[in-house]
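> Here is a sequence together with a model predicted from it:
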Amino acid sequence: MTEPTSAPYPQEELLPVPEGAARATSSAAKGARTAAENLPVARVVVDTPLPHLDRPFDYLVPASMDADAAPGCRVRVRFAGQLADGFLLERLADSEHQGRLAFLERVVSPEPVLTAEIAGLARAVADRYAGTLSDVLRLAVPPRHARVEAEARPDAGQGSAPEAGSVSPVTWSGDAWAAYPAGERFLTALAEGLSPRAVWPALPGTGEGGPSWPRAIAAAVRAALASGRGAVAVVPDGKDVALVARALGDTPHVAITAELGPAERYRRWLRILRGEVRAVVGTRAAAFAPVADLGLAVIWDDGDDVHSDRHAPYPHAREVLALRAHRAEAGMLIGGYAVTAEAAQLVASGWAGPLVPPREEVRAKAPRVRPAGDDAELARDEAARAARLPSLAWRALRHGLETGPVLVQVPRRGYLPALACQHCRAPARCGAQRLPGPVCSGPLALRNGHAAPYCRWCGRIAGDWRCPSCGGTRVRAVVVGARRTAEELGRAFPSVTVKTSGRDGVLATVGTAPALVVATPGAEPVPEDGYSAAVLLDGWALLGRPDLRAAEEALRRWMNAAALARPGAEVVVLADSAVSVVQALLRWDPVTFAERELADRAELGFPPAVRMATLTGPPAAVREMLADTRLPDGAQVLGPVPVDGGLERAMVRVPRDRGPVLAKVLKGASGVRSARKAADVVRVNIDPLDLI
DNA sequence: CATTCGCGGTGA
DNA sequence: CACCGCGAATGC
């Protein structure tokens, strides 16, 4: 409305406009502007949440902004009558747009924050997840912090920042990988500038100096740095970032976590962008860190659901890094004590190779795991009896407490109640045959007032249910909530210090003194010298979850806890040894388990064997969207079924090679919906983790 | 979402 | 025949 008085226009804008030059339509109040002589067109990705506007738009670069308007910089543009933020993708000689171009409103900062590599990666991630480029860029490029950006411009101040990565040559050693036959070869390849890709089931065990995996990751990072390239390592949480950062020692690197705060976070991110450091360790957002000339991408414990972003389009750090390594021709290391079906799929397809330890190393490093099933004899001790602690577990803890800290893993609150076979406790799944596809296999649940269970996926009433394992015909609810058990444990060992670590209040480490450490999965404190015993209390709570990944997740959590025990220490798991996932733990064999899990998923028709999308929203909207979408051939629709909040959810599955088409049509459909004023939004999620 | 476009209705 | 209004289309 009113003319700004504090910001005088640059001289150029007052000069007369040459006849025929493009001019902004609404710039009368601002005076005429001339376009830059060289490459006057700026291709801009505009920050808008609307899927149908997910493409670049062309603007004219005013001569006054010619120098600043470099590819990758942040700009402000007039878009649909409003000012909007955007990134300048490239400068062009002319535009394909027929109509008249508007001028850039402002170059927010000349800092080229969006590199070509990250722009391409973000586009690929958006396509893979049926999301928009803007949505992904919000995850990939941190918000600007003007003061931080100004405080250390490379050309400001005296001298330039030391190029830490290139000044002192990085040396590397294969010591941390000595136990792996292929380890040396993997590191040598990285150091020579090659790009090996591996799935790495890490050896368990922790001794002095804590667990060994951070040192192995640090060694791989150094090998990549030695080739003159950069490296990115993504780990689940701040505790693990600290472990890897410590293992990197004086190898130049930056650690990026959420707790840093916007200023420090942006400061470190800029150091990466400006090439002052080439090694990054951080949580999931670090997967997009603008490391130049990437040589290695690492992800640790890719089964942890914190690797999946909580914002649309919900990309998973493993997928982001795999796309990135593939596009940048970088190496990749997918590590963890357990192995996900997705990682097994990457090996099965030949994209990655196995980097496995030999059996004898596993035997030497793993704890002794013993099962205590349902029928196990309860401890004689009265307090332990009250906690329903089997005598086997009680003895292990008591014995362990003589030489150090012991770990008790208890389930987290908030698991959904599920149904299991009353006789053998196998999770009850839907047996509906969907011709020509596989059986539904959704989890069964009971609805208020109905005697027969129904399927949470396809909605079918399963009146004729029969357990595939034992032939039983009756189901029962799996009881959860063993938290009280943990409290009662304290009473079973009255003279011992009890430490707890959970969601609220994570304890990072424990010392070597005897202590009873009660922790929920993922919050286990790292012991200075390993736990002398461990008891995994959450067997049925984990396995009974109505989740496709219940078994995989149980093994992952068990292994993550058990790996913190000293080699040979006694670990007792409260689960039936007849169950194959328990067998995998006893034999410490994550690879065979993952391979079988992958085969099972193929048979049942679940990711990663197929590509799946869920559509969640108001019932009418979901049905409407399904009707409007031209799904690819061979697509199969399950549901929609009611979910929480009065919404419905449908699932669509297609063969893996139709994944890109599926994402494309779903994005097209949501584009049409958002263009109309369809207020009832349908959330699209590709390969979601929680296929309840 | 904000704005413009365009067709048909309406009233002088 | 000009103008209004609302739904559809568009966004550089």
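Perfect, thanks for sending it.

> The longest strand seen in chain A pairs with which strands?
Scanning chain A for the strand with the most residues, using DSSP state E, yields strand A:82-92. Strand pairing for strand A:82-92, determined by DSSP bridges: strand A:41-46 (antiparallel), strand A:74-79 (antiparallel).

> Need those strands in TSV (columns: mean pLDDT, distance to A:Val672 and mean neighbour count).
Bear in mind the C-beta positions are built from the backbone N, C-alpha and C, glycine included. TSV is the format used below for those (pLDDT from 0 to 100; distance: least, CB to CB, whole Å; neighbours: other CB atoms under 10 Å):
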stretch	mean pLDDT	distance to A:Val672	mean neighbour count
strand A:41-46	96	19	24
strand A:74-79	96	20	20
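
> out of those, nearest to A:Leu378?
strand A:41-46 (63.0 Å; CB to CB).

> Tell me the first helix or strand C-terminal of that closest one.
For strand A:41-46, the succeeding helix or strand toward the C-terminus, using DSSP states H and E, is strand A:57-60.

> Can you confirm whether that following strand lies near DNA strand B?
No. If you take CB under 7 Å from any atom of the strand as the test, strand A:57-60 misses DNA strand B, and the best it gets is 13.6 Å.

> CA atoms only: put that strand into PDB for me.
Taking Å, rounded to 0.1, in the frame of the first residue of the first chain, the C-alpha atoms of strand A:57-60 are listed here in PDB:
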ATOM      1  CA  PHE A  57       8.400 -20.900 -12.100                       C
ATOM      2  CA  ASP A  58      10.400 -18.300 -14.100                       C
ATOM      3  CA  TYR A  59      11.000 -14.800 -13.000                       C
ATOM      4  CA  LEU A  60      13.100 -11.900 -14.400                       C
END
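
> pLDDT of that strand, averaged?
Rounded to a whole number, the mean pLDDT of strand A:57-60 is 96.

> got CSV for the strands paired with strand A:82-92, with distance to A:Pro143 too?
Below are the strands paired with strand A:82-92 laid out as CSV (distance: least, CB to CB, whole Å):
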stretch, distance to A:Pro143
strand A:41-46, 16
strand A:74-79, 10
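
> Which one of those strands lies nearest to A:Ile461?
strand A:41-46 (48.6 Å).

> just for the stretch 451-600 of chain A, where's the confidence low?
A:456-457, A:477-486, A:540-542, A:544-546 (pLDDT under 70).

> near DNA strand B, which residues of it show up?
Residues of the stretch 451-600 of chain A found near DNA strand B (CB under 7 Å from any atom of the strand): none.

> which residues in the stretch 451-600 of chain A form helices?
Using DSSP state H, counting those that start in this stretch, the helices of the stretch 451-600 of chain A run over A:483-492, A:539-543, A:550-562, A:580-586, A:590-604.

> What's the mean pLDDT across stretch A:105-115?
The model assigns stretch A:105-115 a mean pLDDT of 96.

> That stretch: how far from the chain's middle?
The chain centroid and the centroid of stretch A:105-115 are separated by 28 Å, computed with CA atoms, centre = their mean, to the nearest Å.

> Distance check, A:Leu333 against A:Leu323.
Noted for A:Leu333: a distance of 15 Å to A:Leu323, by CB to CB, to the nearest Å.

> For these two, indicate the residue with more neighbours.
More crowded of A:Leu333 and A:Leu323, by other CB atoms under 10 Å: A:Leu333, with 27 against 20.

> I'd guessed that one sits against A:Pro201; true?
No. Using CB atoms under 8 Å, A:Leu333 makes no contact with A:Pro201, being 11.8 Å away.

> So for these two, which residues contact both of them?
Shared contacts of A:Leu333 and A:Pro201, defined by CB atoms under 8 Å, 6 or more residues apart in numbering, are found at A:Leu355.

> could I get the helices of the stretch 451-600 of chain A as a markdown table with mean neighbour count and distance to A:Arg380?
A markdown table is the format used below for the helices of the stretch 451-600 of chain A (neighbours: other CB atoms under 10 Å; distance: least, CB to CB, whole Å):
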| stretch | mean neighbour count | distance to A:Arg380 |
| --- | --- | --- |
| helix A:483-492 | 18 | 11 |
| helix A:539-543 | 24 | 22 |
| helix A:550-562 | 25 | 26 |
| helix A:580-586 | 20 | 25 |
| helix A:590-604 | 19 | 35 |
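
> Minimum distance to A:Lys667: which of these has it?
That would be helix A:590-604 among those, by CB to CB, at 25.0 Å.

> I'd like to know how far the residue of chain A found nearest DNA strand B sits from A:Ala102.
Proximity to DNA strand B, evaluated over chain A using CB to the nearest atom of the strand, is greatest for A:Gly81 at 2.6 Å. A:Gly81 sits 11 Å away from A:Ala102, going by CB to CB.

> Mind telling me what element A:Met612 is part of?
Using DSSP H and E, the secondary-structure element containing A:Met612 is strand A:610-617.

> Tell me which helix or strand comes right after that strand.
Stepping forward along the backbone from strand A:610-617, the first helix or strand reached (DSSP H and E) is helix A:619-628.

> got the angle for that following helix vs strand A:610-617?
140 degrees (axes from the mean of the first three to the mean of the last three CA atoms, to 10 degrees).

> Which positions in the stretch 1-150 of chain A make contact with DNA strand B?
By the rule CB under 7 Å from any atom of the strand, the part of the stretch 1-150 of chain A lying against DNA strand B is A:Leu50, A:Ala80, A:Gly81, A:Gln82.

> What subset of those is buried?
Burial by neighbour count, 16 or more other CB atoms under 10 Å: within these this picks out no residue.

> For the residues you listed, which two are the farthest from each other?
A:Leu50 and A:Gly81 (14.4 Å).

> got a list of what the closest residue to A:Arg491 other than its chain neighbours touches?
Among residues not flanking A:Arg491 along the chain, A:Ala383 sits closest, at 4.2 Å (CB to CB, 6 or more residues apart in numbering). Taking CB under 8 Å, 6+ apart as the contact definition, A:Ala383 lies against A:Glu488, A:Arg491, A:Ala492, A:Pro494.
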